[in-house]
Structures are given as structure tokens and as C-alpha cells.
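Q: Okay, predicted coordinates and the sequence, questions at the end:
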Amino acid sequence: MTSGTKSRMIEEMKLQSGQDPSCCYQCAKCSAACPVTAAMDLLPHQVIRYLQLGLEEELLESRTPWICASCFTCAARCPRDLDLARMMEGVRLAILRRREGNKFGPADLTPEQLAKLPQQALVSGFRKYNK
Amino acid sequence: MPRTGVFICHCGTNIAATVDIDKVVEAARSFPGVVHAEDYRYLCSEVGQDLIKKSIRDHNLDRVVVGTCSPRMHENTFRKAAAEAGLNPFLLEVANIREHCSWVHRDMDEATPKAVALVRAASAKAALNDPLEPPTVEVEKRALVIGGGIAGIQAALDIAEAGFTVDIVEREPSIGGRMAQLEKTFPTLDCSACILTPKMVEVAQHPNINLLTYSEVEEVSGYVGQFDVTIRKKARSVDAVKCTGCGICYEKCPKKTPAEFEMGRSTRKAIYVPFPQAVPNVPVIDREACLYFQKGRCQICAKECPADAVDFEQQDELVERRYGAIIVSTGFDQLDPSAYGEYGYGQHPDILTGLEFERLFNASGPTGGKVVRFSDGKPPKKVVFIQCVGSRDKARGMNYCSKICCMYTAKQAILLKEKVPDAKSYVFYIDVRTAGKGYEEFQRRAAEEYDVAYLRGQVGKIFPENEHLVVKGVDSLSGKTIEIKADMVVLAAASIARADAPALGRIVGINSDSYHFFNEAHPKLRPVETHTAGVFIAGACQAPKDIPDTVAQAGAAAAKAVSLLSREVLQGEACTAVVNKAECSGCLYCEAVCPYGAISAVEIEERSATGTIARTIADVNAALCQGCGSCTAICRSGSINLKGFSNEQILAEVDAICLQR
Amino acid sequence: MRYRYFPGCTLKGQAKIMEETTMAAAEALGIELQELSDWQCCGAVFPLYEDELITLLSPVRTLAAAEGEPLVSLCAACHHVLKRAQELMQRSEDARSKVTDFLEVEYSGEGRVLHFLEVLRDDLGFKKLAEMVKKPLAGRKMAAYYGCLLLRPAKVMQFDDPENPTIMEDFLKALGAEVVKTPYRTECCGAYLSVTEEKVARDTVSKIIDSARSAGAEGLITACPLCHYNLENCAADNAGKPVEILYFSELLAEALGLTVRAGSAEEKTGEVPSQ
């Protein structure tokens, strides 16, 4: 737990995403609605909890933002009208902007994948995983 | 020249911390007409009031100005003190130097001159005040209760026992309300009908209570002590005097239609009583469904009735009565959860609201008291309860908590276990709220003794799969996603105000909040009064609540009504409008703007140079006038004035502030 | 009925068949789709962070190029990006002024931005469509798969009820097919996770396919090339009877009695996809 000093990363995210995590009352409907929770280490509502508690380091280590498929179901169901998709994007960008750089590039693909994948998959994949 | 006394209150530090009291007192001594000025720490206290009374006598004061908190707080207190000292209470004026001054400023150098100006204005007005006598209003010793659920029933019984006549107007064919739809009540698990029906019968038999069921209030005019109400008694098409309640008519009726009492989950006949213990036990013909009224056929009920009580020619009847007090107790509705497409309500027969599930337990319910699925008639083995459907929801529902759902869900899970011993219940919750007496213990029993699984989290979506309903949820405490193959899902849908509550409010003259719940006069200290004198509210129409609170509130409203009815006369409004006959031109703009219908045109005879002429001018009925001042604002010639707030008095205040006169 | 048309990169590449079948159908229905003369990839995702302005340049350039005429896309992702970009331009003065200044265009969110299915439902009408069907898909049990991007966020996309949509089922009914509803029709297919986390995509896709199959569907229609790819390639290997994955326009062309020849799209629009 943090001592209560505000996390700069989290303050920046609140500004950029326009969402305030303190509105969340942890009902976890977002996690219940999310189609890909099976592969996540932190569930979506836990990501918001970590934001509320200022647990910056743990968030930066989590796999969850990279499992998120940006399907917007969480935001559609949230009873507090919070846009989780924006907050998750915020965590992704916070990681990318702070860490070494891009997570995934053309070099990581096999020739078969490059031949078969629709252009849309490549563009969206590279965009989500890179600065 | 008046002899004015000025009294400035410190209000502890509320005023004194921001306003220099000594400077105000000193300035007051120089105001025209002021012969005495002093200050005190708490003028509203008994000592403070005695100080004012003593000063009035010692200094022979005939006007009093108090520099204190808002008149909403203590104007009445100080007026009573003045009256006790022999001064007409309307010769006292309040300068609000707290809410209008010390509480909105921080700088003493700015606040003090402002306080001086306010006190100067009040003393200028006071000099022009006249003694006023409020008119007396006779009180009609009869109360009207709108809504015959447990709140209305309890209020009516309390008023009737105090010796006054009460009329209950109920829209449905029977009294009983929501409590009649319940099987058992928490936390005692009393049979709801068993505790309700004795009260219903008591109401029906009480010599002081008149029941007007299948009736609605159409119009209300008048004011406290004398409300003139028009009630429409809708035609039952059955003669209530002849009917013996044998029930042959609805047994033989061939036409079925969805039953409102069962939320449409089963049917009733076109001629019906809503439930077996209905009071009065007189059926009603639903003319929209009846084959005779719609198509000119059938009439089987009339033919079969042994008492010849069916009367197709019966008409609505309008009843006009006067009441001294009105209590509104019109109850609540349950939110339609169709807005939550992810829960699939309406898409699958085994997804129910809490109220619909409750009806399954009742012997006269849609399944004859057997807890079975609507889809295949088999008892459910796994039932999922989802709390907060539409409550605590900023996005698509109500932002408030519906208060009763945590408890009734626990109750329903317990009842389910008793009826279907091998059934397993799962409750998805955000918080469990059990604040009443015995409530926490009750919910713990559900969790500990009745094997109800409480999962802290919500449900994302329900997927119908073959005969099951796959419920995808989450337990936020363990961080695990949960998938349950349920047989039935019960949604604790929000308690909401009735959609037509604001319309009734407009008829009666009370207002409602953004959720359509009726507004109480003060949320803490006046929970059953409204801002309209003589109209009280009780029960869930004010806010979601459980039965014990409803009954308590009904008793409170009844006590208020009784205190009103037990007076011989009421004091009316003293500050009423008055027309200067000579100056009034008879344009009657004032009549158009008066919200109380207190102004009318009247013919007078006047002497003119040529003889006597007849002329129309405006006339104010002081009994109806509430002193709002709309007429004085619109009068072009200033010939209508408000006693206690005349044009001259207001302008004197303006001069005092601007010209320091 | 004339519309400006934005193809998007995938429709000139792996999803060519969607464009070809749509072009043929549009001509038969009397709908003119005029391709924008100079366009580039829409970006495939809509930027969710308010400072990612550079990612807005392409969609806003496209929107401005429509010059006030209604703009139609076929690819669900393109439509999603364009629609949300339009809404942002309407809502945020900051984004609007910066982006239009940089691009040196005039655009403040005007004009209709539509998906072709909306053209069929709102401008042509499914009743009229049904009348023009020459070979009704009688006896074909088809299910609709909406995916995410057409429906959500509902306040912006305003495509249909996000939890209980009917537009694709109504479309299938107009074509004479026997409609099968799968409860997973609005669940995410996994999107770009098929590129980076294939196991996750397999999981989501299998649920969708299994549910469609057990409801009795022979085929699933979609409007998104990525959903199409995922549904076709990521189903679990032990699958039962295969479910055919089709673009909605393939069924449309079939029902209108058209046979579509490969390469026909370029002839219609006069464009050759750049390499």
C-alpha cells in the first residue's frame, strides 16, 4: 500500500483518459463481463483497485493490459458510467511511454502469419502494443 | 415616532466571528426611531427571549428588530416572545445577519457594514409595520388518505381511533397494496397476508373509516383545514350492496387477461377480485377486457349471479367532499429490468424480478404455490439472485440504494430452501445492507444455516444454453470468475416511484424529486410533512422503505393529521393582499397570476362627479390568499398591496440600504 | 441513392471478397458507392487517450474528404474508427482545432457516417430489400455475429441495441434465411489477440462457434475482416460440423442472384490497391 502520496502516473492517466477511478465501487461487473479474463493475472476491477490504491509498480508488471482486446464490454456494463477501456489504454500507454519501447513488431511474426493475417489485424495489433 | 428596540445576536461565534457586534449595536442607536439597542450571545435561548420581553416592558417599545439567523429558523420564536410581552407579533422584524451575512463572508471589515445596512433596513421597515391579525380557518374534522396499502391502512386506523372520520381512496379494486403480494415478511418470516388481513378487515369494519376502492382523486382545491376534493368512483359494474362475494361470476367468466397482481405471469378473468382476501370482496369488471363491453356478447356473469348484482349500466360516480387534512401514501413500483439486456429479462421465462419470484411461493400465485420453472414446470435446483439491478446505478438506472433488496433476497433464499430442500442459492452482491433490527442476524442465518452462497461481485451476462441459464459472474474477494449453470435467475430490481406520482402531486399540490418520490418538508426533522400545509406523506412514495419504517411513518403522519383535526380553528395567513378600491382600475392581471385562485372580479358602486357609477375591480379572498405577492408584482398601478410586505415597506428598506436613511 | 465509399486497407487485401460482393449487390439495388479518390488506412483502432492526436489525422482526413456527403464503410473497424472520430470532432474543440489546423481542412463533425447495413436498414429498408431478392436463402440456417465494434460504445455508434441487436437478423430474414440466434453473437472474438496471444483468441472463438453450432447454425455472417479471420482460423481443432464463416455481403449477393467474379471490384471503383 502506498503512504497516500499521489502517484504521478495515475494523476496523468486521470487527466488523459478523463476517468476518475475513485468513482468505482468495485462491484466487479466489468470483470464478469470481460471475455478474456481467463488469461489475465489481474482482473479488470483489480486493475482499477490498484489505480485507486496507487500501486503503480504492480500495475506496470501486470500482463492484463496486454490481454485486453479493447472490446468495450466493460464500459458498456459499468453502473458508475466509467469508461474502463480508456483506463486500460491509459495503463498500456503508461507502460509503453515509460519502459523500453515497443512490445511487438513485424519481426515477431512468422511468414505464414504475415501471409494470412488481414491487414486490419496487423495494424491494430502493432498500434495497441507500440508507442 | 415609533419606539424601536434593536437586539443583535452573537449566535455564539456564528455571527460574532465575522461581524463586529459592538459596531452594529452602536450604529443601531443612531437609526431613526431606535430608543434602545443591545446584544446577547444566544437570543433564541430562554434567557435571550426574556431579555427581549423585559426590554419591551422597561423601555415601552412598540417595534422590535432582531439581528439574528434566518427568519426560517426563529421568526416564530421571537414573534411569540413579543406577543407574550403584549406586542403584536407582526411589529417584530428580523434582519438576517447570519445566512445573509456572517455565513457568506470571511472579512469582518466587509461583513460588519453589511450587517449594519441590513439592520438599518429592518428597522426602517419595522417603523412602517402595522399590527396584523391572522384570520381563523375552520377545520373540517375529516381526513383523506390517498392509497390503501399498509401505510394508508395504518394511518387511517390511527386517525379513526383518535375519533375522527377518515376516507381511504384506493385505485385498485381492493386495499392491501404491495404487502398483499408478499408471501412472508422479513425478519420474522410472518405470513404477510396473516398480519395484513386483520388490519384490512378492521379498516372495513371501523365505524369511522369509509373505503372508496376502485376510485381516484381527480381534483383538490382549497387549503389546510378545508380541502375540497373531487373523487371519481369508477364503475365496478357490480352492485356492492347486493353482491355476496360468492365468486360464481369470475368462476364462470370465459375471458382471461394478464393479471396485474401477478405482474402478468398468470391470468385473471375479465370480472375479478385481485386476490382471494380482497377487501371489499366485491368483484370489478375490467371493461377493456370484458366481452360484453368490447363486443356486445356473453353476459354470463350476470346470468349466473344468484344475487343479481351485475350491473352493466353502472356509471362512474363523482364524489365531492371537504377534508381538513390529506395523507398521501401511494406506494412504489419495481423497475422493469428490460433495460439491462445482458440479464435477458423478457427473453427467457425463467428470469424473474424479485416480486415475480415472491409470487411463486403463494398458494394463489401463478404456479399454485409450487416453486417451479415457468419453462418446464420443474423445481429449480440452482437459483442465482442478482442484487442491485437498477439500484446504485448512475449509468442506466437509479443512483440510490433501494434499501429492501438485500433483506428480501436473503428471505427468498431461505424460503426457497424450505420449499425445495435440495436447491442451492447464489447471491451476487456489491454490499449487504442490513441496518434494521434483527436484520443482520437474519442475513447471517441465510449465509450460515441455509447454505446460501454469497458472492461479492456482479454478473456480466446470462447466456441461455439448452435448459440452463449460464450465469457469468465474478467473486471480487477471491478474484475468480464464476460460471453457474442456473435453472432460474432472480433480479432484485430497484424500488422506484410510481410513474404517475408527479401527476398526483400536481393535483394535490405537493412536489416530487428527480426520482419522482414526494418531497418531505425537511429530510431530517420533518419527514412526514410536505411544504403544503395540511398534506402529509407516508410510506414508500416518499422513498424506498421496509414495512416497519412504513408503519412508523404512517403513525407519524396520522399524529400530525390528528393534531390538526383536533383544533377548533387554525390560524390562517396574516400577510394577505388587499386592494385599494379607489385606485384599482379593474384590469384583473392580478386574478390571472394568482396561483391560489384567491382573486376575483367584483362590482362596486362609486360616487363620481355625475352621480353613482358601477365599476369592476379586483377583490381578494383573504382566506385563500397565501401571501405570495405575485399580484403586487404585476399590478401596474400599485393599488394592490401585501400586508406586512407593502410596497412602502419594501421601498423603505431599499432607501435604508442605498441612502442610509 | 449516392454515397461516398471508404474501403479501408483490408478490403483491398485479404477481404477483397467483401468489397466485390458489396459492389455487385449495390449496383443491383440501385445504390451508388463512389470510392474516395485519395485515401489511406483508417488506423484500425480508435485512440482512447486524449493526447494521441496523430492517430486521428487519417480518419479526420477521410471524413473531410466526404465533403458533406454521406460516407459508407463495409469494414466494422473502419466504421467504428470513423464514427468515433466524428464524435470526438463534434465534442472536443481542442482536438478539432489542432487536427484540422494540421491537416489544413475544414471539418467539425458534420455529415452522416454509416455502415452499409445501416444503409440497407434505414435508407433502402429491409422490406424493399426482401422484394428485390431473387434467390431467397430458403432453408439455410444462418446466425449473425456482430462482434464489438459495430455496437459499442452504444452512445456513439448508435447502430442498434448493444445487448439485444436485431439488425443483422432482420437482414437475414429479408434474404429469406432461417435465422438462428446465438447468445454469443455480441461477445468479442479476441480481435488482435489472435496475433499476439493466440490461445486466448482460441478460447473466445470456440465459445462463439460452439454456441452457434449447438443452436443449429450452418453459417455465421460478419462484417469485420478480423472477426472473419479469427472465426475461421482459431476454432478449436476438435470442432464438430464446421460452421461456414461468411461476410454479410456474400449472402446478399447470392440472394440477389448475382455471381461475383474475382477482380470485379477494381473495375467498378477504378482503383487498384497500391502495393
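A: Great, that's in hand.
Q: Going by C-alpha atoms from here, please, whenever you check contacts or count neighbours.
A: Fine.
Q: ok, residues contacting stretch B:400-419?
A: Under the contact criterion Cα atoms under 8 Å, 6 or more residues apart in numbering or on different chains, stretch B:400-419 has outside partners B:185-187, B:189, B:354, B:358, B:370-371, B:385, B:387-388, B:391-393, B:423-425, B:427, B:432-434, B:439, B:442-443, B:446, B:450, B:452, B:492, B:494-496, B:544-546.
Q: from what I can see B:Phe332 touches B:Ala497, true?
A: Yes: assessed by Cα atoms under 8 Å, B:Phe332 is found in contact with B:Ala497 at 4.9 Å.
Q: intersection of neighbour lists for these two?
A: Each of B:Ala540, B:Cys541 lies in contact with both B:Phe332 and B:Ala497 under the rule Cα under 8 Å, 6+ apart.
Q: Quick check: C:Tyr145 touching C:Ile221?
A: Yes: using Cα under 8 Å, C:Tyr145 is in contact with C:Ile221, at 5.8 Å.
Q: who has more neighbours, these two?
A: A direct count of neighbours by other Cα atoms under 10 Å in any protein chain shown for C:Tyr145 and C:Ile221 places C:Tyr145 higher, at 32 against 23.
Q: Show me the shaky parts of the chain.
A: Assuming you mean chain A. Along chain A, the parts satisfying pLDDT under 70 run over A:1-6, A:99-101.
Q: You answered for a different chain; I wanted chain B.
A: Within chain B, the stretches with pLDDT under 70 are B:661.
Q: try it again with 80
A: Filtered on pLDDT under 80, chain B yields the residue ranges B:596-597, B:623-624, B:661.
Q: What parts of it come near chain C?
A: Within reach of chain C by Cα under 8 Å from any Cα of the partner chain, chain B has these residues: B:Tyr340, B:Gly341, B:Glu342, B:Phe463, B:Pro464.
Q: now the contacts of stretch B:400-419: which count as buried?
A: By neighbour count, with 16 or more other Cα atoms under 10 Å in any protein chain shown, the contacts of stretch B:400-419 hold B:185-187, B:354, B:358, B:370-371, B:385, B:387-388, B:391-393, B:423-425, B:427, B:432-434, B:439, B:442-443, B:446, B:450, B:452, B:492, B:494-496, B:544-546 as buried.
Q: Now intersect these with the helices, please.
A: Judged by DSSP state H, the subset of those located in helices is B:Gly354, B:Glu358, B:Tyr439, B:Phe442, B:Gln443, B:Ala446.
Q: show me the residues around the residue in the stretch 451-600 of chain B that chain C sits nearest to that make contact.
A: Nearest residue of the stretch 451-600 of chain B to chain C (Cα to the nearest Cα) works out as B:Phe463 at 5.7 Å. B:Phe463 is in contact with B:Leu469, B:Val470, B:Val471, B:Lys472, C:Pro183, C:Tyr184, counting by Cα under 8 Å, 6+ apart.
Q: Within reach of chain A, which of those are there?
A: Residues of these in contact with chain A (Cα under 8 Å from any Cα): B:Lys472.
Q: What sits closest to B:Lys53 if chain neighbours are left out?
A: Nearest residue to B:Lys53 in three dimensions, chain neighbours excluded: B:Ala85, at 5.2 Å (Cα to Cα, 6 or more residues apart in numbering or on different chains).
Q: That neighbour against B:Ile56, yeah?
A: Yes: B:Ala85 lies in contact with B:Ile56 (Cα under 8 Å); the separation is 6.7 Å.
Q: Those two: which has the busier surroundings?
A: B:Ile56 (23 against 18).
Q: Which secondary structure element is home to the residue of the stretch 451-600 of chain B closest to chain C?
A: Taking DSSP states H and E as the criterion, B:Phe463 maps to strand B:459-465.
Q: Which neighbouring elements make contact with the biggest helix by length in chain A?
A: Secondary structure of chain A per DSSP H: the longest helix is helix A:84-98. When contacts are defined as 3 or more Cα pairs under 8 Å, 6 or more residues apart in numbering or on different chains; DSSP states H and E, helix A:84-98 packs onto helix A:8-17, helix A:56-61, helix A:64-67, helix A:73-77.
Q: Enumerate the residues of chain A near chain C.
A: So chain A meets chain C at A:16-17, A:35-36, A:38-39, A:67, A:69, A:71-73, A:75-76, A:85-86, A:89-90, A:113, A:116-125, A:127 (Cα under 8 Å from any Cα).
Q: Pull out the buried members of the residues you listed.
A: A:16-17, A:35-36, A:39, A:67, A:69, A:71-73, A:75-76, A:85-86, A:89-90, A:117-125, A:127.
Q: Leaving out sequence neighbours, find the closest residue to the residue in chain B that chain A sits nearest to.
A: Taking Cα to the nearest Cα, chain A has its nearest neighbour within chain B at B:Gly460, 3.8 Å off. Distances taken as Cα to Cα, 6+ apart place A:Ala33 nearest to B:Gly460, at 3.8 Å, with adjacent residues excluded.
Q: Closest residue of chain B to chain C?
A: Minimum separation of chain B from chain C (Cα to the nearest Cα) falls at B:Gly341, amounting to 4.8 Å.
Q: Could you tell me how many residues sit around that residue?
A: Here the number of neighbours of B:Gly341 (other Cα under 10 Å) works out to 18.
Q: I'd guessed B:Cys298 sits against B:Tyr292; true?
A: Yes: using Cα under 8 Å, B:Cys298 is in contact with B:Tyr292, at 5.6 Å.
Q: Go ahead and flag the most central residue of chain A.
A: Chain A has A:Met88 as the residue nearest its centroid, 2.7 Å off, counting by Cα atoms, centre = their mean.
Q: and the chain, what are its domains?
A: By default, I'm working from chain A. According to automatic domain parsing, chain A comprises the domains A:3-99, A:102-131.
Q: hmm, I had chain C in mind actually
A: Chain C breaks down into these domains under automatic domain parsing: C:2-116+C:261-269, C:135-255.
Q: ok, the shortest one near chain B or not?
A: Yes: using Cα under 8 Å from any Cα, domain C:135-255 reaches chain B at C:Pro162, C:Glu163, C:Asn164, C:Pro183, C:Tyr184.
Q: can you redo these as TSV with pLDDT?
A: Listed next are the residues of domain C:135-255 next to chain B as TSV, based on pLDDT from 0 to 100:
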residue	pLDDT
C:Pro162	94
C:Glu163	93
C:Asn164	93
C:Pro183	91
C:Tyr184	94
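Q: out of these, which one sits closest to chain A?
A: Using Cα to the nearest Cα, C:Pro162 is the member of those that lies nearest chain A, at 8.4 Å.
Q: and that closest one, what is it in contact with?
A: Contact partners of C:Pro162, counting by Cα under 8 Å, 6+ apart, are B:Gly341, C:Leu151, C:Arg152, C:Ala154, C:Thr186.
Q: which ones are touching residue 66?
A: The chain I'm using is chain A. With contact set as Cα under 8 Å, 6+ apart, A:Trp66 has these partners: A:Arg92, A:Tyr129.
Q: ah, no, chain C please
A: Shown in contact with C:Ala66 (Cα under 8 Å, 6+ apart): C:Arg4, C:Leu36.
Q: what's the distance between it and C:Leu82?
A: According to Cα to Cα, to the nearest Å, C:Ala66 stands 11 Å off from C:Leu82.
Q: Please apply the same query to C:Cys224.
A: C:Cys224 is 14 Å from C:Leu82, by Cα to Cα.
Q: Likewise for B:Leu61?
A: In this view, B:Leu61 and C:Leu82 are 79 Å apart by Cα to Cα.
Q: what do you get for B:Lys403?
A: Between B:Lys403 and C:Leu82 the distance is 44 Å, computed by Cα to Cα.
Q: Name the residue in these two with the higher neighbour count.
A: C:Leu82 (30 against 20).
Q: wait, doesn't that one sit right on C:Gly111?
A: No: counting by Cα under 8 Å, C:Leu82 does not reach C:Gly111; the two are 11.5 Å apart.
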